[in-house]
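Participant: take a look and give me a structure for this.
(one chain, ligands or ions: 1)
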Amino acid sequence: MDQQKAHVSVLDHGFLYGDGIYETVRAYGYRVFHWPDHYKRLKQSAKRIALKCPYSSDFLLRGVTQVLKANKSPRGSVRITLARGPGPLGLDPSVCPKPTLAMLLHPERPLEHLWKNGVSIGIPQVRRNHPKCLDPQIKSNNSLNTILAKMEALRMRVFEAVLLNLDGHLTEGTTTNIFFVRRGEIFTPALSCGLLKGVTRGAVIQLARRAGLHVHEGRFTPADLRRADEIFLTSTTLEIVPVVRMIAPFLRPSLSRSFAPNGPITRRLHALFRRLV
Ligand code: PDD
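Facilitator: The predicted structure is shown next:
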């Protein structure tokens, strides 16, 4: 339906408490990229907050396709939100019998200039949620942690904020995963650092390993980024975007550095990714 007519109850615990989960998927020619991975993550996010997800993979995929077709958007992204649903006030989720399901089209944005010219990143002061507080593996509607980071990104005038965890190790961007390249090898923070297991991250790791490149998942710091030959971000909506500038004004201004936008490994991986698409 038209977005003007789509309403959610003010008693929905998704609205009141951020109690819900979501997925963002991307289509190419109306076909959703790596749908089984997204469905699996949706189910896992729901399970981790004991949220009923009575919808089959086929049902949700049909919904996504309907949204794309209704909007004549063969290459669009769709956000699937599953909220706890309406219920009496109070945090208790068991009083909400019916979850709310909504699918929204993301407006398409041109990406070619980002792929070509790259983007900037900054390290914010706010730290990524500790997995023992709110596990970043849950793709939760409760985005305040990354919204605070996004606000810092805007203040730093950078495209993306890359959050550290409480131990000072790199985790991820507000809506992206991060990789860097050094001496022809690829590095990305391990899931144990506390970050979302990105679908694009998984696809890139697989593509790189199949191409004979070494990928290391581990614990890294902003100083490792500073020493990198190339840095890039990945996400469903951006694919692979090179980083051309990093700043860390709250750590050490000397960590700032610029990079060329056309690093050979980033370019090669994006070519492989485009072929996969
Ligand atoms: N964001 N990390 C976070 C915190 C994210 O929100 C996302 C995805 C990613 C990248 O994951 P994937 O490759 O599966 O898209 C990493 C989506 C695009 C969003 O918020 O809409």
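
Participant: residues contacting the closest residue to L61 other than its chain neighbours?
Facilitator: Leaving aside its sequence neighbours, L61 sits nearest to W35 (CB to CB, 6 or more residues apart in numbering; 5.8 Å). Where you see a C-beta, it was placed from the backbone N, CA and C, and this is true even at glycine. Shown in contact with W35 (CB atoms under 8 Å, 6 or more residues apart in numbering): V25, S57, L61.

Participant: then R227?
Facilitator: R182.

Participant: same thing but at 6 Å, please
Facilitator: Contact partners of R227, counting by CB atoms under 6 Å, 6 or more residues apart in numbering, are absent.

Participant: make 630 the starting number, not 1.
Facilitator: Right, with 630 as the first residue, what we last looked at is R856.

Participant: all helices for the stretch 730-879 of the chain, in order.
Facilitator: 741-746, 773-785, 828-839, 851-855 (DSSP state H, counting those that start in this stretch).

Participant: for the ones you listed, which one sits closest to the ligand?
Facilitator: Of all the helices of the stretch 730-879 of the chain, it is helix 828-839 that lies closest to the ligand, at 3.2 Å by CB to the nearest ligand atom.

Participant: mind listing what's buried in the closest one?
Facilitator: Buried residues in helix 828-839, counted by 16 or more other CB atoms under 10 Å: V828, T829, R830, A832, V833, I834, L836, A837.

Participant: which ones among these also lie next to the ligand?
Facilitator: V828, T829, R830 (CB under 6 Å from any ligand atom).

Participant: wait, isn't the first one in contact with D666?
Facilitator: Read that as V828. Yes: using CB atoms under 6 Å, V828 makes contact with D666 at a distance of 4.6 Å.

Participant: start to end distance for stretch 635-652?
Facilitator: One end of stretch 635-652 sits 19 Å from the other (CA to CA, to the nearest Å).

Participant: no, scratch that, I was asking about stretch 658-669
Facilitator: End to end - CA to CA - stretch 658-669 spans 22 Å.

Participant: how far is it from where the chain is centred?
Facilitator: Here stretch 658-669 is found 15 Å from its chain centre; the criterion is CA atoms, centre = their mean, to the nearest Å.

Participant: so the residue of the stretch 630-779 of the chain found nearest the ligand bridges to which residues?
Facilitator: Minimum separation of the stretch 630-779 of the chain from the ligand (CB to the nearest ligand atom) falls at T653, amounting to 3.3 Å. Taking DSSP bridges as the rule, T653 bridges to R708.

Participant: I'd say it and T710 touch.
Facilitator: No: when contacts are counted by CB under 6 Å, T653 is not listed as touching T710 (9.7 Å).

Participant: quick one on the thing from earlier: tell me how many other residues crowd the residue of the stretch 630-779 of the chain closest to the ligand.
Facilitator: 18 (other CB atoms under 10 Å).

Participant: and A656, how many neighbours does it have?
Facilitator: Residues lying near A656 (other CB under 10 Å) number 20.

Participant: which ones are touching it?
Facilitator: L697, G705.

Participant: the inter-axis angle of whatever helix or strand it lives in versus helix 828-839?
Facilitator: A656 belongs to strand 649-657 when assigned by DSSP states H and E. Strand 649-657 and helix 828-839 are oriented at 50 degrees to each other (axes from the mean of the first three to the mean of the last three CA atoms, to 10 degrees).

Participant: buried residues, strand 649-657. List them.
Facilitator: Here strand 649-657 shows G649, I650, Y651, E652, T653, V654, R655, A656 as buried, counting by 16+ other CB under 10 Å.

Participant: distance between that strand and the chain's centre?
Facilitator: Taking mean C-alpha positions (CA atoms, centre = their mean), strand 649-657 and its chain are 10 Å apart.

Participant: what's downstream of that strand, the next helix or strand?
Facilitator: Sequence-wise, the next helix or strand downstream of strand 649-657 (DSSP H and E) is strand 660-661.
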